[in-house]
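S.K.: Predicted model, plus sequence, below.
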Amino acid sequence: MLSLLVWLPIAGAVAVALLPRTVSKTAGLGVALATLVVGVVVAASYDADGGRQLTEEHEWIEAFGVHYALGVDGLGLLLVLLTVLLVPLVLGAEWFKADAEGSAGARSFVAWTLALEGLSLAVFCATDVFLFYVVFEATLIPAYFLVGGFGRAGRGAAALKFLMFQLAGGLILLAAVIGLYVVSAQQGEPSYLLADLERLDIGTEAGRWLFFGFFIAFAIKAPLFPLHTWLADTTEKATPGTGVLLVCILDKIGTFGMMRFCLGIFPEASQWATPLVITLALISVVYGAFVAIGQDDIFRLIGLTSLSHFGLITLGVFTMTSQGGTGAILYMVNHGLGTAALFLVAGYLYDRSGTASIREMRGVEKVAPVLAGLLLVAGLATLGLPGLSPFVSEFLVFVAAFDYGWWVGAIAVTAVVLSAIYVLWMYQRTMTGPTPPEVEGTSDLGVREIAAVAPLMVALVFFGFYPAPLLDVSNPMVGDLMHQVGVEDDAPTVVHAEHEGEGAH
Amino acid sequence: MEFVKPELEYAELLPLLIVLGGACVGVALEAFLPRGTRRLPQIGLSLVTVVAALVATVLVGLDLDEHTGADGAEGRGLVGAMGSVVVDGPTVYLWGLLLVFALGGIALFAEQRLEGGVSAFTGQAAALPGTESEREASTRGLEHTEVYPLLLFAVGGMLLFPASGDLLTMFVALEILSLPLYLLCGLARRRRLLSQEAAMKYFLLGAFASGFFLYGAALVYGYAGSVSFAGINEAVRAGSANHGLLLGGIGLLAVGLLFKVGAAPFQAWTPDVYQGAPTAVTAFMAAGTKVAAFGALLRLLYVAFGGERWSWQPMLWVIAIASMVLGAVLAIVQNDVKRMLAYSSVAHTGFILVGVLGVQGAGELAQGQYTSLEGVLFYLTTYGFAMIGAFAIVTLVRDAGGEATAYERWAGLGRTSPLVAGAFAFFLLSMAGIPLTAGFIGKWAVFTSALSAGAWPVVLVAIACSILAITFYVRHIRLMFFTEPSADGAGVVTRSSLLTSGTIAVCLVATLVMGVVPGPVLDLVTRTGDFIR
């Protein structure tokens, strides 16, 4: 089942690359929708219970103890669903743009997107560290060609910067993965299966070094301050669709990896490093928000808001409480939904105005009310308005942060204020005010464009009022993880905000 | 001294004998066939020779289990030709690898369509560049068919090199493999001065390195009283006096071999020779010489000086680090594809040395863990295929002046010829060690054995250098795909015959398959077992 999920888009990518150009987009959308169906079937056959399910395991490279092993837990499942949902939407939203003059053509856009989808799904399903590493690195190739081939002038340099950062992180991770093999080999037959590695007795010092190898790679991916500098450049130059794929799917690998590998394999080192990680996360939260306020380019702004959000996700992960863990998982999903909506709507705006500069846009509200409305909703979701789904996750993370230490919570909460500033100010400058004559002719959104963001909006509102499905899926996984980390925190539901000191081991 | 009639194990030495015999027949063909009709028989002869040798190698490999080492210890194979040739698992594996690379080399040598009906070799090597006789040779469409026997001799030397059982055989093999290569380097049809300069440089430095090797052999003989590796090993383990002689000997022998593999600080010839030599020769040499020389280095260090590991490991640490850093840094500032690949090959030498220095005693390895020897052999396999493929693609990209190796000629190649540029990008990614390519598995294998052996500082440097190396690989990919073609003419991909495109395709498939399902090749490598003494 999971193999089908992973291989279908990859086979689709190959097929699109071979089929004639005229049918690329239709075929690509068809494959993406088929993958969505498979994803839904996977979700339907998943019991909302702990452990990894739908597992598959085959020997791959016997000499290295490497397996082709797939399986999903709550975290993996949610990210899988997010991925299969976003990719068709991106293809729909970018329907005509991929053919634009000077870019590499719709066929390669669709093919690379599908390849990226398949590899990302493999990342979320891999339960073998070596397999994870392979697909983790392999996602960079489609991502590189997506950034470099489509978007605004200067994208070649942005793509190079993106790739250099990611590969550097990947090689650091490689060192840690190799180290893991050595540790595993010292304790018997070397194996890369996650289940074997979690049982491994890693020495304190070795564990800490390996933890850092993993953490740095994921901190570049996520990204965290001070390893974030590629983010804004990439989102600025790439197309909005690529931005969605990068920020909403690919970057999730960073926080996903922190949960699954840093906490799962190195519980001791994770707890030891918590103060440092939380400090970095807080800096990211505040710094990202401040820098976002100062941006003029709307795509840079969105990229940097994500820096702030990833800070909060990391914070949730490393508070090591069930609220924090659940909040982080929900946050990953909700951030994916909200930021994708924001990116796509901003992309529509860019198509109409021809500029990404906030300063040069104003008064769009009157001529394109639907566009303005969607931008507002997406923006409000980003700033965590109650009633929209990001609020739930943000709230959980704040609860966990206050549990960890009042000062951590206090700093984290400033994100609410700062995000209100960057979102609303951006909205005010671009949408409100008198409509200048050159904006008069702006057309409102077409059906295709609305259809591409409508599912996101529906999901934002639905999970804002009724987050229970997400919680049901993520809670058992967090429970398992906390057990693995060895933290005593059996808060049954998330409404208990007052667990004084219990999570702060 | 009594003269003993040597006993030769003809069956096991058959691959060697076939190749060297084929080379001699090739020379005879040169002497007796008229010039115009030589080409096809020569190509046929060399192909038949190499294929026959390959078949013989496979047969020898299958029968290897029947032999055990001299003392019945681990490893299987036999010590043949009165102790001077050792046919064991690693030898057979390297033979197979070298012969496959030789096939690729022959195919590239024989390519004629790229130059419009003539080979990439000069019409008349003796004609001075720019003279009337050179012009005449080229208008008459002359070509040197000596290159095929020369290639076979070089292959013969390469086969003998890692199989040699004593220092003298090793030296003879070194010369057999080097001399034809020196010649081949000087035979380019275009840019002949550059080519001759390359040959001259390679010859002078190579001769110098051979001198070092001989001196080292003499010192080691002085220490051990024997030139055979088994004898040296015994003496080293017994620990006789004059330890200084041994250390000096190891150092000088290493200089000779490290020169051949192109490790820093003996890498100075690499860029010039790789650039000046005809690209077909470069491709063959880059893959073949490195494989053979690393095989020899492994045998020398592991078998003869295995007991002296603590002395040579620090030396290799330094050399590996120097090679990786120098190769990666200098490759960044190149603006010529061939030179870039040359410096990257220096960096790869460093990576392979990382694997070499990761040797551990049998007791230190975990059950099911592979040895450093196996890691190095696998790396050599992946590296060879990527190098031959990459250089074969270099022969395709041409402008009016022949091969267009300058960077600006490659700009925008991804738009005009996406397939060729894509293949080149794939080889570069493999050299950079990106997952799902063979290079990644190779890198992983050598880094792991070094880390298991506790050489983590070297591994960290290796990782840092890999990051550096990615810069220039990726920059080249960007150049091909995302840069506008330069105004003063871009290189064009010339249609080649099946010889070149087939070689590229085989290398591409090998690189992909070993990256995705490395299991079978790794099993093959694991089954080769250890060196025998």
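M.R.: Arrived safely, thanks for sending.
S.K.: Could you tell me the backbone phi and psi angles at residue B:399?
M.R.: Listed backbone geometry of residue B:399 is phi -130, psi -160, with angles given as degrees, to the nearest 10.
S.K.: Flag every residue of chain A that's near chain B.
M.R.: A:59-65, A:133-138, A:140-141, A:144-145, A:148-149, A:155-156, A:159-160, A:163-164, A:167-168, A:171-172, A:174-175, A:178-179, A:181-182, A:185-186, A:188-190 (C-beta under 8 Å from any C-beta of the partner chain). Glycine gets a C-beta too; all of them are placed from N, C-alpha and C.
S.K.: Any of those residues buried? List them.
M.R.: For these, a burial check counting by 16 or more other C-beta atoms under 10 Å in any protein chain shown picks out A:60-61, A:63-65, A:133-138, A:140-141, A:144-145, A:148-149, A:155-156, A:159-160, A:163-164, A:167-168, A:171-172, A:174-175, A:178-179, A:181-182, A:185-186, A:190.
S.K.: Tell me how far stretch A:467-480 lies from the chain's centre.
M.R.: 18 Å (C-alpha atoms, centre = their mean, to the nearest Å).
S.K.: Show me which positions of it end up buried.
M.R.: Residues of stretch A:467-480 classed as buried: A:467, A:470-471, A:473-480 (neighbour count, 16+ other C-beta under 10 Å).
S.K.: swap in stretch B:26-41?
M.R.: B:26, B:29-30, B:38-39, B:41.
S.K.: Same check on stretch B:479-486?
M.R.: Buried-residue list, stretch B:479-486, by 16+ other C-beta under 10 Å: B:479-483, B:485.
S.K.: which one among these gets closest to chain A?
M.R.: The closest of the buried residues of stretch B:479-486 to chain A turns out to be residue B:482 (C-beta to the nearest C-beta; 3.9 Å).
S.K.: Inside helices: which ones of the residues of chain A next to chain B?
M.R.: Within these, residues falling in helices by DSSP state H are A:133-138, A:140-141, A:144-145, A:148-149, A:155-156, A:159-160, A:163-164, A:167-168, A:171-172, A:174-175, A:178-179, A:181-182, A:185-186.
S.K.: Can you find the helix or strand of chain A with the lowest average pLDDT?
M.R.: helix A:194-198 (a mean of 79; mean pLDDT, DSSP states H and E).
S.K.: list the buried ones in the helix or strand following that helix?
M.R.: Sequence-wise, the next helix or strand downstream of helix A:194-198 (DSSP states H and E) is helix A:204-221. For helix A:204-221, burial by neighbour count (16+ other C-beta under 10 Å) applies to A:206-221.
S.K.: Any idea how many residues pack against residue B:445?
M.R.: For residue B:445, the neighbour count with other C-beta atoms under 10 Å in any protein chain shown is 28.
S.K.: Oh, that last question was meant for residue B:58, not what I typed.
M.R.: 15.
S.K.: re the thing from before, may I see the buried residues of stretch B:26-41 organised as JSON lines, with secondary structure and pLDDT added?
M.R.: Converted to JSON lines, the buried residues of stretch B:26-41 look like this (DSSP: H, G, I helix; E, B strand; the rest coil; pLDDT from 0 to 100):
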{"residue": "B:26", "secondary structure": "helix", "pLDDT": "94"}
{"residue": "B:29", "secondary structure": "helix", "pLDDT": "92"}
{"residue": "B:30", "secondary structure": "helix", "pLDDT": "90"}
{"residue": "B:38", "secondary structure": "coil", "pLDDT": "87"}
{"residue": "B:39", "secondary structure": "helix", "pLDDT": "87"}
{"residue": "B:41", "secondary structure": "helix", "pLDDT": "92"}
